[in-house]
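In: One predicted model, sequence on top.
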Amino acid sequence: MRPSDCKRLLLVALLAPVLAGADERLIEEVVVTATKREQGAYEVPAALSVLQGHELAERGIGDLVDVGKFVPNMNVTTFAAGHTSSANPFVRGIGMQDHLITTDPGVSVYVDGIYLGRQVGQHWNLSNLERIEVLRGPQGTLYGRNSIGGAINLIPTPPGSDPGVKIGAALGSRNRKDMQFLGDWTFARASAASFSGSIKTRGGVGSFLNLPQVAEEVGSVEEYAGRLALAFDPSDRLAILIALDASRGRGGLNPYTTLIDQLPHGALYQAGYRNADIAADPYDNNTGQLSQTSVGNSAEGLGLRIDWDSLPSASLHLRLGLRRSEYQAGLDDDGFINDFLSFPEEGKADQESIEAHLVGDWSGIEYILGGYYFREKGENRQDPTVFLGLKSAFWLRQAVTSRALFAHLTRDLGHGFSLSGGLRFTQDQKRAKTDVGIGEVGAERTWQETSWEISLRRALRERVTAYASLQSGYQSGQFPARPYCLFTNQNCFAAGDNITAVNYELGIKGQPWETLEMSLALFRTKYEQLPYQVSSTTKDGFNTVNVVVSQVTKGVEWEGYWRVSEAFLLRATLGYLEVEIDRALDVRPVAPLTPELTYSISPEFRYGFEGGGEMVARLDYSFRGHTWGEPSSDPGRFTRIDERALINAHFGYAPEEGNWSIAFYARNLLDERYDHARLNTGDYVLRILSNDVSEFGLRIERFFGK
């Protein structure tokens, strides 16, 4: 399917309100918790995408990277020490370019209401989710720090929702061998339990040519994950949920390659190395360093959730989270057999968080009042770091303490109007230490900020609402990730000022016709003190500095779900961004890893047989326009990343009784090979390659006790 064909199909989806006629209601509004209380998705005065858990496998969505293929103005990259489990979400041009402990994400990720401070090492399993909610734009009031681009909520299926047992398996190309188990049980005294476990294995995309003894292939993946959830309802007014999760992963280094000849003045070229020293197939690897062939990760978490209807018109909600994650990875940046540039790496992070909020109604005013506490300690270590053939050590540590108080109010004004507003006061403290080879250097800093939001919503008619919102977001400043500048400037290990965002947005969402669900958002966001990470090699080491800019992002987003008939459905998304950035360092930078145009088209056909049973066939097409791997559009830096178009396919059957199903699937049907990221250091260009080359296989599921 060519992009031009898909654009015509997308146009049909956008014109669906004109073409669709009245029919019985075939689309049900999804209930979400994006605003920390249950409400219909059309009532949320913000751009919100919802992906239902039961559809994820059919759409070929297995991780956060896949989620980024089907949400407008969203792009998720893998760029973290060569680890296959990393996921860096970018929403509306805001994300995280690095992964070291002093770098904070611009898009926050939550699991069952608990914030995940780090993505490397805890590649969340999506096999037992009720839904995924993606909020776009600053979410400073209810979500707080590190959500200036948006927030992603992963919401597991609660215990007792669907008692029974499900066993699934998948076999496919690339040596795909997956197993999945889900058990859901209810007990006496209003209690329930669920357990989900999975094993996922997939072969690689290339070989380590100079290390035939290595068992791993480039890009191979082996993951084990489990989650146990216990729910207790000791009374009609009290509900308690305890969740334990753990994951382990190992595999081969993510595919990458290095460009040397393009930078003839770089250290690699001057030392006599050429592109010919790199593997001819970019998905192979010519490293000679055994420590630079494999990756590993582990994570454990404990979550406690208490919901108590403490008063007749109010309820108290408590969320407690404890998490620990570790990873081992690293890149042999030069990509050839000699140990000239290599950065083996280990990292870990421990976090604890607690949030308590009161939800209620007082004299016609709906309110949310709460407090939040978060603490994280983590470190990264590269030992030995090999730079231009010389060995040294590098480590980086940081401790963060964050406290916040927030309030959000909504008042029904009558005649279909409602007014919402909120405030959040946040205080962050960071203490960081590093050693780049000249001794320990430390620094600390405290920030505080008040974020705010105001929105007006109007119910135009049943199941159709419009909104106008003005909201702000906040992120504390950051210490440099690789401060090799310390060799020449003893004061360069310093954190920047607060990053702030103000967003103006207009939107409409709902069901203008019985067979059409849609949402449209227009926005303009102003960012101040936004740091762009720029890396370069100096005579002392691999240095990363933050170039601070002001940025204005304008755009439009569309999502549509058209039920053409009982058998045919069509989903479509469209996102367009225009980013303006102040001039910095005598160049006009661009938003890195941010496509101007994103869209997806998903036709689906379902056919019920007369004798019972249903067949489903669907395609999912995703397009992401070209991007730049760094904050520069200079073609001479070789960091342009070409546009990409991916197609997933699903063809399945389930009998009338629904106790089993079988499906044939194809991921990346046309075997599109593309870059996830590019980095120009001045001495070479590093290309991080995609790890989702084409895959074909069979998925089988069996249900018991349904």
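Out: Yep, that arrived. Numbers count the residues shown, from 1 in each chain.

In: Do a quick rundown of the strands in the stretch 551-700 of the chain.
Out: 568-581, 597-608, 614-624, 627-628, 640-641, 644-654, 660-667, 675-680, 685-689, 695-704 (DSSP state E, counting those that start in this stretch).

In: Can you give me the neighbour number for residue 523?
Out: Here the number of neighbours of residue 523 (other CB atoms under 10 Å) works out to 21. The way it works is simple: take the backbone N, C-alpha and C, and place the C-beta from them, glycine included.

In: Could you verify that it is part of a helix?
Out: No: Residue 523 is assigned strand when assessed by DSSP: H, G, I helix; E, B strand; the rest coil, not a helix.

In: Can you verify my assumption that it contacts residue 576?
Out: No: with contact defined as CB atoms under 8 Å, residue 523 does not reach residue 576; the gap is 10.9 Å.

In: Which neighbours do the two have in common?
Out: Common contact partners of residue 523 and residue 576 (CB atoms under 8 Å, 6 or more residues apart in numbering): 555, 556, 557.

In: Just the closest of these to residue 49, please.
Out: Proximity of the shared contacts of residue 523 and residue 576 to residue 49 (CB to CB) peaks at residue 557, which lies at 8.8 Å.

In: Counting neighbours, what do you get for the closest one?
Out: 26.

In: Who are the contact partners of it?
Out: Per CB under 8 Å, 6+ apart, neighbours of residue 557: 47, 72, 73, 136, 519, 520, 521, 523, 573, 574, 575, 576.

In: Let me have the strands of the stretch 551-700 of the chain in a markdown table, extended by mean neighbour count.
Out: Below are the strands of the stretch 551-700 of the chain laid out as a markdown table (neighbours: other CB atoms under 10 Å):
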| stretch | mean neighbour count |
| --- | --- |
| strand 568-581 | 20 |
| strand 597-608 | 19 |
| strand 614-624 | 20 |
| strand 627-628 | 23 |
| strand 640-641 | 18 |
| strand 644-654 | 19 |
| strand 660-667 | 18 |
| strand 675-680 | 23 |
| strand 685-689 | 22 |
| strand 695-704 | 16 |
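
In: just so I know, which of the ones you listed lies nearest residue 52?
Out: Nearest to residue 52 among the strands of the stretch 551-700 of the chain is strand 568-581; the distance by CB to CB comes to 11.3 Å.

In: Partner strands of that closest one, with direction?
Out: Partner strands for strand 568-581, per DSSP bridges, with pairing direction: strand 542-563 (antiparallel), strand 597-608 (antiparallel).

In: The last one versus strand 644-654: what angle between them?
Out: Strand 597-608 and strand 644-654 are oriented at 20 degrees to each other (axes from the mean of the first three to the mean of the last three CA atoms, to 10 degrees).

In: For residue 267, grab phi and psi.
Out: With angles defined as degrees, to the nearest 10, residue 267 sits at phi -60, psi -30.

In: Not counting residues beside it along the chain, what's closest to it?
Out: Excluding the flanking residues, the one nearest residue 267 by CB to CB, 6 or more residues apart in numbering is residue 683, at 4.2 Å.

In: end to end, how far does stretch 357-370 reach?
Out: From its first residue to its last, stretch 357-370 covers 4 Å (CA to CA, to the nearest Å).

In: Tell me how far that stretch lies from the chain's centre.
Out: Computed by CA atoms, centre = their mean, to the nearest Å, the separation of stretch 357-370 from the middle of its chain amounts to 31 Å.

In: who's in contact with it?
Out: 35-37, 142, 310-311, 313-317, 355-356, 371, 405-412, 422.

In: I'd like the strands paired with strand 568-581 laid out as JSON lines, including mean pLDDT.
Out: Formatted as JSON lines, these follow (pLDDT from 0 to 100):
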{"stretch": "strand 542-563", "mean pLDDT": "86"}
{"stretch": "strand 597-608", "mean pLDDT": "96"}
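
In: can these go into CSV with extra columns for distance to residue 459?
Out: Output for these, formatted as CSV (distance: least, CB to CB, whole Å):
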stretch, distance to residue 459
strand 542-563, 20
strand 597-608, 29
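
In: which phi and psi does the residue lying closest to residue 596 once chain neighbours are set aside have?
Out: Excluding its sequence neighbours, the residue lying closest to residue 596 (CB to CB, 6+ apart) is residue 625, at 5.0 Å. Note on residue 625: backbone dihedrals following degrees, to the nearest 10 are phi -70, psi 180.

In: where's residue 625 relative to residue 594, distance?
Out: With the distance defined as CB to CB, to the nearest Å, residue 625 ends up 9 Å from residue 594.

In: check which helix or strand covers residue 474.
Out: Following DSSP states H and E, one finds residue 474 within strand 464-475.

In: low-scoring pLDDT stretches of the stretch 151-300 of the chain, where are they?
Out: The stretch 151-300 of the chain contains no residues with pLDDT under 70.

In: Going along the chain, name the strands of it.
Out: Using DSSP E, counting those that start in this stretch, strands in the stretch 151-300 of the chain cover 164-172, 176-187, 191-202, 221-235, 238-252, 256-259, 294-311.

In: worst-scoring helix or strand of this structure, pLDDT-wise?
Out: helix 16-19 (a mean of 42; mean pLDDT, DSSP states H and E).

In: max-length strand in this protein?
Out: strand 390-414 (DSSP state E).

In: So for the residue most central in space within the chain, what pLDDT did the model give?
Out: In the chain, the residue lying closest to the centroid (CA atoms, centre = their mean) is residue 89, at 3.9 Å. Residue 89 carries a pLDDT value of 90.

In: Residue 116 is in contact with that one, correct?
Out: No: contact criterion CB under 8 Å: residue 89 and residue 116 do not qualify, at 11.2 Å.

In: Identify the residues contacting residue 43.
Out: For residue 43, the contact set (CB under 8 Å, 6+ apart) comprises 457, 465.

In: quick one on the thing from earlier: need the overlap of contacts for residue 89 and residue 116.
Out: Residues touching both residue 89 and residue 116 by CB under 8 Å, 6+ apart: residue 109.

In: Off-centre distance for stretch 449-464?
Out: Once both centres are worked out by CA atoms, centre = their mean, stretch 449-464 turns out to sit 25 Å from its chain's centre.

In: And stretch 97-105, by the same measure?
Out: Computed by CA atoms, centre = their mean, the chain-centroid distance of stretch 97-105 equals 14 Å.

In: can you list contacts of that stretch?
Out: 79-81, 86, 88-89, 95-96, 118-120, 145-146, 347, 349, 378-380, 396-398, 430, 432, 475-476, 478-482, 532-533, 544, 592-593, 630.

In: and it, C-alpha only, in CSV?
Out: As requested, the backbone C-alpha atoms of stretch 97-105 are provided in CSV (Å, rounded to 0.1, in the frame of the first residue of the first chain):
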residue,chain,number,x,y,z
GLN,A,97,16.9,12.3,24.1
ASP,A,98,19.1,10.6,26.7
HIS,A,99,18.7,8.0,29.4
LEU,A,100,21.2,8.7,32.1
ILE,A,101,20.0,9.4,35.7
THR,A,102,20.2,13.2,35.5
THR,A,103,17.9,13.3,32.4
ASP,A,104,14.2,13.4,33.1
PRO,A,105,11.5,12.5,30.6
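
In: Give me the buried stretch members for that stretch, please.
Out: Buried residues in stretch 97-105, counting neighbours by 16 or more other CB atoms under 10 Å, are found at 97, 98, 99, 100, 101, 102, 103, 104, 105.

In: next one: stretch 186-205
Out: Result for stretch 186-205 [16+ other CB under 10 Å]: buried residues 191-198, 200-205.
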